[in-house]
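S.K.: all I have is the shape, not the residue letters:
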């Protein structure tokens, strides 16, 4: 059974080099090694309107991104850390996913039931655990399943200014964590694809 | 295949009536209806020492509770909200579970791999989402899997003082949420029991 | 000594009725009673670009809002709660304020030193404490002072759907909290205006 | 006017070397240079009972610590980070301070009104911003004032294991941040001591 993935890069930069992009690249390579293919969408390059519906009309870029979320088995959210918190772009994605709560099927299941969410976080110096806490809570709320093992992340020393994309080498801890993130995510995604949640 | 559950009541009260207890009772009834049996341990009634090891020696009550965690397929954490945050008792449980990170097997799996965590939160007026965020993040970090659908919770109106245990009737939303929590938790727990994470 | 205030309404709605607006109205009335005047800016009605600089160029609406922040003694942030968390619009405001960290004077003081921040939070059912936690941390980081007494907020019962703007009457607790928020904010703002932080 | 300080070391270790202790030592030196004297209480060395009252009776160590809080102008909370979150010991301190909300004077002021709270956070690798967010929110709720400038903190690189107490030298960023924390805290504490909040 083959699985597909959608990665949302929630950097604040619409274009140009991004540490989140560099980090997601590594995670996608690790998914590829397990046979999972997918694409990265840089959310800030699109006009995702504020709101909590699935279509805010008039130029809203979310419906097209939402269609990709629905088509994928795995949603990977990559976000930078600003002020110790998830980016406003990632928060906007969560708000748009909130609409899933009103789109349940006959068994009370949202469109995310059966999909697995994984999280990748990159910052200069602090905040990865809190960022994953906020993302996990919101993603579980709307129906994604969170696999064992935590997010993949990198931060530098307190008040440091080195960006992940400028590191001379990828830290071994990142490679190891990515590998486990991928193994766990794929395992749960396969199980849930073959065995859907029953709902009630 | 039968599943077992351990519920940790993280109220601050060592004895006596507890809204968390009343709430967990309802959740356990819902688990029972799905054939899952288990017990509730009131953590504050035991001398769980501060620390991040599996045994802090000399009168530490954690090793006995930890043995129950290991024996169960599902860990249900029930906590009250104080100041919008999880109780210090639930935070202590998380700290003791942190030791799992140093107790991995040959495939780098912690003792929580394959176990599912569910969360129940009760407060007067505010804080359930944040409490579940903190619990999910820490529980996933140490290897538990978080099923679709969010925690079960109850809070009253802002700055209210009515306790859950004193409500005249259980709100319909609580019953519905409990039922879905149980369905989702049991589904994932069964899948993971039959199909362990491979690790790496 | 007269004080001025800027209120940022961080609703997701660019136009139309907003519970955050209704709530901020009450808070502004209470400030008015203490002789503090100010205006409300609905941030989503303006094109505030993502980024962490003070001017993201090309149509960015932030520089004009930033000028109002600099001109005011008190910054009041009003935000709705979505998924138990601050709105993406409020998060964007915080990210733009992050630029203050690079705009210190000879005594290492950011442009926010001497200004006081107050927070007002409105949601259907849960999340006010966490929202204020995230706002306080980021606002203090960039140099605002947080007065005694916590935010003013309203949330309804768990999983409720009643909006603040549709309540039949303003709860007494809201009026009382608003009054204390205003008293405390004004007191600290006066002291700091007369006695600037020395920096170092 | 002379000011006094109480520092609560919220390490999980009842005795022995502690990074939080080493960090607080530096902060206290910086306060001393501004003429502020005080002591450090290691909370885990005392039997602070769970609860939300000011005296949980029968061997409870909190009343004695609470008396020191009341006697000091500045409360400095030092906490380690475990799992990206404040220690359970610091959470217990917050819960005990919650009792202040029921101990207001004729002008609705809690015993913390006029006192300033400062925060120092130490961890191996991540979590300082979130820890300060939780502490600030709870401390402001019960009536402490939070000065400009954020907490003082140190964390190492992601998934690192070096403790602050084992660093070969104190990072320059820590010294600078401590100095600013102290300047700001002392400034607000002096102003509030001379000019109490009016309450209402």
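M.R.: Arrived safely. As the structure is a computational prediction, the values presented were derived from the model and not from experiment.
S.K.: buried set for the helix or strand hosting residue A:39?
M.R.: For residue A:39, the host element (DSSP states H and E) is strand A:37-42. Residues A:38, A:40, A:41, A:42 are the ones in strand A:37-42 that count as buried (16 or more other CB atoms under 10 Å in any protein chain shown). Yep, even glycine has a C-beta here, placed from its N, CA and C like the rest.
S.K.: excluding its backbone neighbours, what's nearest the first one?
M.R.: Of all residues beyond its chain neighbours, the one nearest residue A:38 is residue A:5 (3.1 Å), with distances taken as CB to CB, 6 or more residues apart in numbering or on different chains.
S.K.: who's the one you found bridged to?
M.R.: Per DSSP bridges, the residues bridged to residue A:5 are residue A:38, residue A:74.
S.K.: identify the residues contacting it.
M.R.: The neighbours of residue A:5, taking CB atoms under 8 Å, 6 or more residues apart in numbering or on different chains as the test, are A:28, A:31, A:36, A:37, A:38, A:72, A:73, A:74, A:75, A:76.
S.K.: of the residues you listed, closest to chain B?
M.R.: Checking the contacts of residue A:5 against chain B by CB to the nearest CB gives residue A:75 as the nearest, at 12.4 Å.
S.K.: run a quick neighbour tally on that closest one.
M.R.: Burial of residue A:75, expressed as a neighbour count using other CB atoms under 10 Å in any protein chain shown, amounts to 24.
S.K.: what's near enough to touch it?
M.R.: Residues counted as contacts of residue A:75 (CB under 8 Å, 6+ apart) are A:5, A:6, A:8, A:69, A:112, A:115, A:116, A:117, A:118, A:139, A:144.
S.K.: how close does the residue nearest to residue A:38 get to residue A:196?
M.R.: As for residue A:5, its distance to residue A:196 is 19 Å (criterion: CB to CB, to the nearest Å).
S.K.: before we move on, what about residue A:81?
M.R.: Taking CB to CB as the criterion, residue A:81 is separated from residue A:196 by 34 Å.
S.K.: element containing the residue most central in space within chain A?
M.R.: For chain A, the residue whose C-alpha lies nearest the mean C-alpha position (CA atoms, centre = their mean) is residue A:77; its distance is 1.3 Å. Residue A:77 belongs to strand A:74-82 when assigned by DSSP H and E.
S.K.: in stretch A:186-200, what's buried?
M.R.: With the criterion 16+ other CB under 10 Å, stretch A:186-200 contains buried residues A:186, A:187, A:188, A:189, A:190, A:191, A:192, A:193, A:197, A:199.
S.K.: got it, and stretch A:79-92?
M.R.: A:79-92.
S.K.: thinking again about what came up before, what is the strand holding residue A:39 packed up against?
M.R.: Under the contact criterion of 3 or more CB pairs under 8 Å, 6 or more residues apart in numbering or on different chains; DSSP states H and E, the helices and strands touching strand A:37-42 comprise strand A:4-9, helix A:19-33, helix A:62-71, strand A:74-82.
S.K.: and it, what's its mean pLDDT?
M.R.: Summarised as a single mean, pLDDT over strand A:37-42 is 97.
S.K.: got a list of contacts for it?
M.R.: The contact list for strand A:37-42 (CB under 8 Å, 6+ apart) reads A:2, A:4-9, A:11, A:14-15, A:18, A:21, A:24-25, A:28, A:31, A:65, A:68, A:72, A:74, A:76, A:78.
S.K.: quick one: buried ones out of the contacts of residue A:5?
M.R.: Applying the neighbour count, that is 16+ other CB under 10 Å, the buried entries in the contacts of residue A:5 are A:28, A:31, A:36, A:38, A:72, A:73, A:74, A:75, A:76.
S.K.: from these, pick the one nearest residue C:167.
M.R.: residue A:75 (36.3 Å; CB to CB).
S.K.: can you give me the pLDDT of that closest one?
M.R.: Residue A:75 is assigned a predicted lDDT (pLDDT) of 98.
S.K.: check residue A:1 too.
M.R.: The predicted local distance difference test score for residue A:1 is 78.
S.K.: returning to that earlier point: can you add pLDDT and give the contacts of residue A:75 back as TSV?
M.R.: Output for the contacts of residue A:75, formatted as TSV (pLDDT from 0 to 100):
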residue	pLDDT
A:5	98
A:6	98
A:8	98
A:69	98
A:112	98
A:115	98
A:116	98
A:117	98
A:118	98
A:139	98
A:144	98
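S.K.: filter those residues down to the buried ones, ChimeraX style.
M.R.: Filtering these down to the buried ones (16+ other CB under 10 Å) takes a single ChimeraX command:
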select /A:5,6,8,69,112,115,116,117,118,139,144
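S.K.: nearest to chain B among the buried residues of stretch A:79-92?
M.R.: Within the buried residues of stretch A:79-92, proximity to chain B (CB to the nearest CB) peaks at residue A:86, which comes in at 11.2 Å.
S.K.: as a markdown table, the buried residues of strand A:37-42 with distance to residue C:148 would be great.
M.R.: Below are those laid out as a markdown table (distance: CB to CB, whole Å):
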| residue | distance to residue C:148 |
| --- | --- |
| A:38 | 50 |
| A:40 | 46 |
| A:41 | 45 |
| A:42 | 43 |
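S.K.: closest to chain D out of those residues?
M.R.: Of all the buried residues of strand A:37-42, the one sitting nearest chain D is residue A:40; the distance, using CB to the nearest CB, is 21.6 Å.
S.K.: residue A:185 reaches residue A:73, doesn't it?
M.R.: No: counting by CB atoms under 8 Å, residue A:73 is not a contact partner of residue A:185; they are 9.5 Å apart.
S.K.: got any residues that touch both of the two?
M.R.: Common contacts of residue A:185 and residue A:73 (CB under 8 Å, 6+ apart): residue A:116.
S.K.: which stretches of chain A form strands?
M.R.: Assigned strands in chain A, in chain order: A:4-9, A:37-42, A:74-82, A:85-86, A:116-122, A:152-154 (criterion: DSSP state E).
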